[in-house]
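> Here's my sequence, what's the structure:
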Amino acid sequence: MSMETKTSSPWSSGPKEILKHGLGLLSEDTDTNRRLAMIIVDNAVELMIKTYLGLPKRVTGIHISRAKSAEIMESFPKLLDALEEHASEKLDGVNLGEIEWYHRLRNQLYHQGNGLTVERENVEIYAELAKLLFFRLFDEELEIKVSDEIKVLGEFIFQWSKLERGIINYSEFLTDTYGRTPSVLAATKLLVEEGKMSPDQFHKIKYLQDIRNKAVHGHSTDGVVLPPDAILILSQVHEWLKLMDEQYSKKNA
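Okay, the predicted model is just below:
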């Protein structure tokens, strides 16, 4: 994954090692190991959020009272709410709804016994989402061994996250969003209305968004995580936005 990284911070080591341990279990692909890996990846996600929200204000600029912090730590949904409230600028490309969806899948595995299994693909995709969240929170790339196909998906997810934020920023620069940050779909509709985006580009972006959402939720077709044209179309839209938006071009030179 093409990410610029800083020196590893001491507080990131805990979630990093847990995440690596979870994926390491997949070296022997059994139902039991997949269940355990899913649970451990989820534990790593929870720990990285708790770690980030608990860092000193000098590090993050976030101040949460002790009473509020204790309340937040009570449940996974409250952690996600707090992260969205206090660190929304760190969540480019991170869909907290998807993370919560995988957390619920993990809960089913944990609470409903050994009768349930989980597909390896779901564990690996959750790990890719966890890697993106880790990068956003700690500015550090995390190398974890996954299948080549999931590695390509991880790169796709990361590049899509940059494109998604770029399109939203471009729409906010050109149009009146009434103080609200639109979704990428709302942003593209605004750009089409303003004559800054062709219907063809709109359909390409909608297509890419649908691919990402289906892949992340395990709705692949015939075992194919990404269609063959996904990377090409992503690159085409990326180059189009670079031509249209000088700021995006500078950030992605």
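> Just give me the residue closest to the centre of the chain.
Centroid check for the chain by C-alpha atoms, centre = their mean gives Val94 as the closest residue, at 3.4 Å.
> Return the distance of the spatially closest residue to that one that is not a sequence neighbour relative to Pro15.
With sequence-adjacent residues excluded and distances taken as C-beta to C-beta, 6 or more residues apart in numbering, Val94 is closest to Leu133, at 5.3 Å. In short, each C-beta sits where N, CA and C put it, glycine included. Distance of Leu133 to Pro15, given as C-beta to C-beta, to the nearest Å: 9 Å.
> quick one: common contacting residues for the two?
By C-beta atoms under 8 Å, 6 or more residues apart in numbering, Leu133 and Pro15 have these common neighbours: 45, 48.
> Quick one: the helices in this protein, in order.
Assigned by DSSP state H, the chain shows helices spanning 13-24, 31-53, 57-60, 66-72, 76-86, 96-111, 120-138, 148-174, 184-193, 199-216, 230-244, 246-251.
> any idea which of the ones you listed is most buried?
Highest mean neighbour count among the helices of the chain (mean count of other C-beta atoms under 10 Å): helix 120-138, with a mean of 23.
> low pLDDT regions in the stretch 51-200 of the chain?
111-116, 144-146, 176-182 (pLDDT under 70).
> sorry, back to before: how about the contacts made by the residue nearest to the centre of the chain?
So, once contact is read as C-beta under 8 Å, 6+ apart, Val94 ends up touching 129, 132-133, 136, 161.
> make it 6 Å
132-133, 136 (C-beta atoms under 6 Å, 6 or more residues apart in numbering).
> Could you check how far it is from Gln247?
Noted for Val94: a distance of 21 Å to Gln247, by C-beta to C-beta.
> go on, Ser198?
Taking C-beta to C-beta, one finds Ser198 at 21 Å from Gln247.
> Next: His203.
Applying C-beta to C-beta to His203 and Gln247 gives a distance of 25 Å.
> And the residue nearest to Gln201 when sequence neighbours are not counted, what's its pLDDT?
In space, and not counting its chain neighbours, Gln201 is closest to Trp240: 6.1 Å by C-beta to C-beta, 6+ apart. If you check Trp240, the pLDDT there is 94.
> Show the backbone phi and psi for Glu74.
phi -70, psi -30 (degrees, to the nearest 10).
> now it: how far from Leu26?
31 Å.
> of these two, who's got more company?
Leu26 (20 against 9; other C-beta atoms under 10 Å).
> With Glu124 as the reference, measure out to the more buried one.
Taken as C-beta to C-beta, the span from Leu26 to Glu124 is 7 Å.
> same deal with Ala186?
31 Å.
> repeat for Gln201
With C-beta to C-beta as the criterion, Gln201 and Glu124 are 31 Å apart.
> Now Trp11. Nearest residue, chain neighbours left out?
Thr51 (5.5 Å).
> hang on, the one you found packs against Ser12?
No - Thr51 is not in contact with Ser12 according to C-beta atoms under 6 Å; the separation is 7.3 Å.
> tell me, what's touching those two both at once?
By C-beta under 6 Å, 6+ apart, no residue touches both Thr51 and Ser12.
> I'd assumed Leu36 was in contact with Gly22.
No - counting by C-beta under 6 Å, Gly22 does not reach Leu36; the two are 7.6 Å apart.
> Contacts only, for Asp210.
Applying C-beta under 6 Å, 6+ apart, we find Asp210 in contact with no residue.
> Next, report how far stretch 117-137 is displaced from the centre of its chain.
Relative to its parent chain, stretch 117-137 has a centroid offset of 8 Å by C-alpha atoms, centre = their mean, to the nearest Å.
> Then stretch 60-73?
23 Å.
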